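[1] Output the structure for:
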Amino acid sequence: MPAEKAAAVDDGQAAPDLEIVGDKVTIHPTGFTGGPGIHDGTITERNLVHHMARFRENPFDFLREVSLYMSGTGWRAYDDVIGQPIFYAGFSERMKTMILASPILQSKVTELAEKRLAVEEKEGLLRARNGSLDEARSKRRREMEGNLREVVETMMDSMICKMESKRFIRTAYYLCTQLLTRAYHQGIHVSSEEVLRLRSVAEEAARKKQSIVFLPCHKSHVDYVSLQLICYRLGIGLPIVVAGDNLNIPLLGPFLQHAGAMWIRRSFGNDPLYITVVQAYIDTLLQQGFNFECFIEGGRSRTGKLLSPKFGILSFIVESVLSGRVQDTIICPVSTQYDKVIETESYISELLGQPKRKENLADLVSSSSVLSLKLGRVDVRFHEPWSLRDFLSQQLTRLQPDLGSNPSQHLTQAERGKILRTLGYRVLSEINDVAVMMPTALVGTVLLTLRGRGVGKAELVRRVDWLCERVRAKGGRVAHFYRAPTETVVDRALDVMGPKLVGEVPGLAEPTYYAVDRFQLSFYRNMTIHLFITEALVSAAMYTRVKQGGGPAHQRMTYEALLSQVSFLSQLFRGEFIFPPEGLTTNLENTLRDLERDNVILVTRNFSGTPLTVELSDAERQCGRENYDFYCFLIWPFIEACWLGAVSLLGLTPPLNGHQEVWIDMKKAQDSAQLLGKTLYHQGDLSYFEAVNKETLKNSFQRFQEEGIILVAKATIRLAPEWTLERDSESGRLLPRGRLWDFVELIAQSRREGKNRRDGATVSSRVLTMTDSVGRKLFDGATSPGPGTLEEVSDVSSPKMRRKAIGTEARL
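    Got it, this is the predicted structure:
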């Protein structure tokens, strides 16, 4: 159906909802999304995949449904597909033939054979017997090239997808829908406008023989299943999905490979042949116009928010277009949001330091994880697709405006890395732009941003209403439920989360709820934090004065002091969050105006409009700082985690009479920081247990490395000399002074005040003693001085080393 015709059905302002059930396509009036004057614009949605029939409930409907899928009735036949033909016998062999014919692969095989030949000749292993040396060399070259091609064949057989049977795909669709709708009983919801636009883009791409590269966020194994189901249901060519070979397990691995999975190693190592095979395969897919899917974050996010972009597969796609081997491809960022993510319990175990369990089929489809759950619904949103060629042209012009018509040939590795970073963060930003805030995320956020043990039902509904308004005001989207009142939506969220996450206190005058598992709830709170990150940083910076108490004048902060602390926190979290691209000063000014307009703060300006001082508004004080506290509660767990990571570094100060250049295993240092955090939490010196999560601590260590606080070499670390604390010459205890101590104190200024932290001297003594005790165990376990000299240490705080690190990441 043309998008123009669908849009004309409504009132002219918003596209209608599109319901696809069986063979029928029904148009509905647009859904209602918000309060007076606030709407989600053209964001409308409808359930795309409804519950499947079950044999026990209705045997007749079940058998009828199975027969429709097996016979390929109507849309289930998947015959009239938008895209290139893939489901036919011999598809895999044809792909292998095209990959082997790739000039870059042939060149690499020849190059590797020549290198090996040169080594054998140098070592005297190449001797002529019945002919000349040239004949022997030629014969040996052919042998090695043949051996290398056999290796390539083996690589391809375990790598490439094998979508050869429509009957198999129809069966796979039916089975996956059965499983998915048992877990997510309210189905998959999409925006009618977005899927109509996607079909239009797919038709144009098919005419030009171009691929659509789907770049989704990654929270669950359900991500790629849901996108495949949507493409199947809409009649769009199924994308080939890049998947880690850790999922290539018995039964499941072959099933996924025939359903579209492309297996790659988790790490390529130093294998130039494998890297070239991957590049040749991606070149072939994009040249032939096959749709493609890879996850911009690499692995699944265990924390609920977007991870930093990973540039591995992305670099291959960019290289295909930059080299000219592929004319163009279409980029489509995708957001997938859940009422509840199946894997959150296992994520929490991993974040608390328990080893990750090896993937197995039983865990993926067990009754406890899929078959008997009711987890609500899945919302998938598609950003407007755009041309990768146009994007690269803009970047090349910006980087090298004077290099003529083909500047890509002159790009340095650092410039390629910059293009990749810009591309990666643009995609992440656009995923956030189309992300839908689910009811569980809204309720979870409110529960974790309120003071007190619990919250009454009326207050919970009121704060969810307020949060919905703030989300929309920030340009975000809220999942709507067809004019259902907020109280109903809250009840639905509480039902999905269940008593293991949110408890209800019985026997009270009003239903009162409290967070049972704050660690797991933080996963859902983190789904909203990207919308309010600048407000959170400003609030945390203001807290350095607000926490001191006293009257309004005493809590007033100069603009210069605010800018300094916001700048410090922004640098601290530059790898943790995605900030608006306008720059620090502009972002700060915009945020101050937004908070001022919402009557949260009061800004005093001079005659030219320049801010002079910032303080809480009288209205905010009168309402108990509830809105200001909301922003602080969002960022405080991350500040705690950074503080914990920095405190753990204090314990890396070498013992008084020990070797001063002992190197500590990186993983052991991070595990030690986690142990320290758990101890400080239970002793009252850490407010948030989620601050001990492994991922945030790893990010903190990455920041410390970039700042030059720690030196890293061969997965071992030690404190940089200029950051090392002093010890008392007699007792050997750590002294609370020096550059690293000042850094820790600067983070601590924005920490949430706690009952055990008002006496700074006592805390300094207790925390220093604890981190020193934990650190000494690390030194006791380190038996060698270290892996190398300072010249071999990766200090990416310097521009030169940072460019090198970026270049290495881009090549992978």
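
[2] ok, L595 - contacts?
    535, 538, 601 (C-beta atoms under 8 Å, 6 or more residues apart in numbering). For every residue, glycine as well, the C-beta is placed using N, CA and C.

[3] at 6 Å instead, please
    I601 (C-beta atoms under 6 Å, 6 or more residues apart in numbering).

[4] Against V213, how distant is it?
    Distance of L595 to V213, given as C-beta to C-beta, to the nearest Å: 38 Å.

[5] For burial, what's the neighbour tally of L133?
    11 (other C-beta atoms under 10 Å).

[6] Name the residues that touch stretch 208-226?
    In contact with stretch 208-226 (C-beta under 6 Å, 6+ apart) are residues 176, 188, 205, 239, 241, 286, 289-293, 295-297, 300-301, 306, 328-336, 341-343, 378, 380, 427, 431.

[7] Can you tell me which of those are buried?
    For these, a neighbour count by 16 or more other C-beta atoms under 10 Å gives the buried set as 176, 188, 205, 239, 241, 286, 289-293, 295-297, 300-301, 306, 329-336, 341-343, 378, 380, 427, 431.

[8] Which secondary structure element is home to C468?
    Assigned by DSSP states H and E, C468 falls within helix 457-473.

[9] What's the mean pLDDT across the very next helix or strand once past that helix?
    Going down the chain from helix 457-473, the next helix or strand is strand 477-478, by DSSP H and E. Strand 477-478 shows a mean pLDDT of 88.

[10] quick one: strands adjacent to strand 477-478?
    strand 436-437 (parallel) (DSSP bridges).

[11] pLDDT score for R46?
    For R46, pLDDT reads 65.

[12] So what touches stretch 421-428?
    By C-beta under 6 Å, 6+ apart, stretch 421-428 touches 215, 296, 306, 309, 333, 578.

[13] any idea what E297 is structurally, helix, strand or coil?
    Under DSSP: H, G, I helix; E, B strand; the rest coil, E297 falls in the coil class.

[14] Tell me how far it lies from V434.
    16 Å.

[15] and what of E504?
    From E504 over to V434 (counting by C-beta to C-beta), the distance is 34 Å.

[16] got any ranges where the stretch 351-500 of the chain has weak pLDDT?
    355-372, 401-409, 481-483 (pLDDT under 70).

[17] what about the strands in it?
    378-382, 386-387, 436-437, 455-456, 477-478 (DSSP state E, counting those that start in this stretch).

[18] In terms of secondary structure, what does the first one contact?
    Spelled out, it's strand 378-382. Under the contact criterion of 3 or more C-beta pairs under 6 Å, 6 or more residues apart in numbering; DSSP states H and E, strand 378-382 touches strand 188-190, strand 330-338.

[19] so what does the first one touch, helix or strand wise?
    Where contact means 3+ C-beta pairs under 6 Å, 6+ apart, strand 188-190 is packed against strand 46-49, strand 378-382.

[20] hey, which of the ones you listed is tucked in deepest?
    Comparing those by mean neighbour count (mean count of other C-beta atoms under 10 Å), strand 378-382 comes out on top with a mean of 24.

[21] That strand pairs with which strands?
    strand 188-190 (parallel), strand 330-338 (antiparallel).

[22] among the helices and strands packed on strand 378-382, which gets the worst mean confidence?
    When I compare the helices and strands packed on strand 378-382, strand 188-190 is least confident, with a mean of 88.

[23] ok, then the element right after it?
    Using DSSP H and E, the first helix or strand after strand 188-190 is helix 192-208.

[24] and that next one, average pLDDT?
    Rounded mean pLDDT across helix 192-208 is 92.

[25] Show me which positions of it end up buried.
    192-199, 201-202, 205-206.

[26] next one: stretch 663-672
    Quick answer for stretch 663-672 (16+ other C-beta under 10 Å): 663-666, 668-670, 672.

[27] what does stretch 682-691 give?
    So, applying 16+ other C-beta under 10 Å, buried residues of stretch 682-691: 685-691.

[28] so which of those comes closest to R76?
    E690 (44.9 Å; C-beta to C-beta).

[29] The closest one and M437: what is the separation?
    Taking C-beta to C-beta, one finds E690 at 20 Å from M437.

[30] try M557
    Relative to M437, and taking C-beta to C-beta, M557 is found at 31 Å.

[31] ok so, going back, looking only at neighbour counts, state which of E504 and V434 leads.
    Remark: of E504 and V434, V434 carries more neighbours, 21 against 14, as counted by other C-beta under 10 Å.

[32] Tell me who's in contact with the more buried one.
    Counting by C-beta under 6 Å, 6+ apart, V434 has contacts 335, 381, 383.

[33] Dump these to a markdown table, plus distance to E730.
    Output for the contacts of V434, formatted as a markdown table (distance: C-beta to C-beta, whole Å):
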| residue | distance to E730 |
| --- | --- |
| S335 | 59 |
| R381 | 64 |
| H383 | 63 |
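
[34] Can you tell me which of those lies closest to W741?
    Out of the contacts of V434, the member with the shortest distance to W741 (by C-beta to C-beta) is S335, at 42.1 Å.

[35] number of nearby residues for I710?
    25.

[36] ok now do it, which residues does it touch?
    704, 717.

[37] Could you do R739 as well?
    Here R739 is in contact with W723 (criterion: C-beta under 6 Å, 6+ apart).

[38] Can you name every helix or strand that the longest helix seen in the chain contacts?
    In the chain, with assignment by DSSP state H, the single longest helix is helix 133-159. Helix 133-159 is packed against helix 103-122, with contacts defined by 3+ C-beta pairs under 6 Å, 6+ apart.

[39] wait, I529 sits on I635?
    No. I529 is not in contact with I635 according to C-beta atoms under 6 Å; the separation is 7.7 Å.

[40] returning to that earlier point: of all the helices and strands packed on strand 378-382, which one comes closest to T110?
    Taking the helices and strands packed on strand 378-382 one by one with C-beta to C-beta, strand 330-338 is closest: 33.5 Å.

[41] now for stretch 118-137, what's the gap between its first and last residues?
    10 Å (C-alpha to C-alpha, to the nearest Å).

[42] wait, I meant stretch 605-616
    Across stretch 605-616, first to last residue, C-alpha to C-alpha, it's 15 Å.

[43] so what's V502 up against?
    Here V502 is in contact with 494, 513 (criterion: C-beta under 6 Å, 6+ apart).

[44] So in terms of bridging, what pairs with it?
    A515.

[45] The residue lying closest to P611 once chain neighbours are set aside: neighbouring residues, count only.
    Taking C-beta to C-beta, 6 or more residues apart in numbering, and ignoring the residues beside it in sequence, P611 has Y559 as its nearest neighbour in space, at 4.2 Å. Number of residues near Y559 (other C-beta under 10 Å) recorded here: 18.

[46] again, but for L273
    16.

[47] Can you classify it as helix, strand or coil?
    L273 - assigned by three-state DSSP - is helix.

[48] Report the separation between it and S158.
    Taking C-beta to C-beta, one finds L273 at 14 Å from S158.

[49] what's the answer for K209, then?
    28 Å.

[50] cool, and K96?
    12 Å.

[51] Those two: which is more packed in?
    K96 (18 against 13).

[52] Surely the more buried one is in a helix?
    Yes. Checked against three-state DSSP, K96 lies within a helix.

[53] neighbours around the residue lying closest to it once chain neighbours are set aside, how many?
    In this structure, K96 finds its nearest non-sequential neighbour in M156, 5.3 Å apart by C-beta to C-beta, 6+ apart. Neighbour count for M156, taken as other C-beta under 10 Å: 18.

[54] Can you name the residues in contact with the helix holding C468?
    Counting by C-beta under 6 Å, 6+ apart, 34, 38, 437, 442, 446, 478, 486-487, 490, 510-511 sit against helix 457-473.
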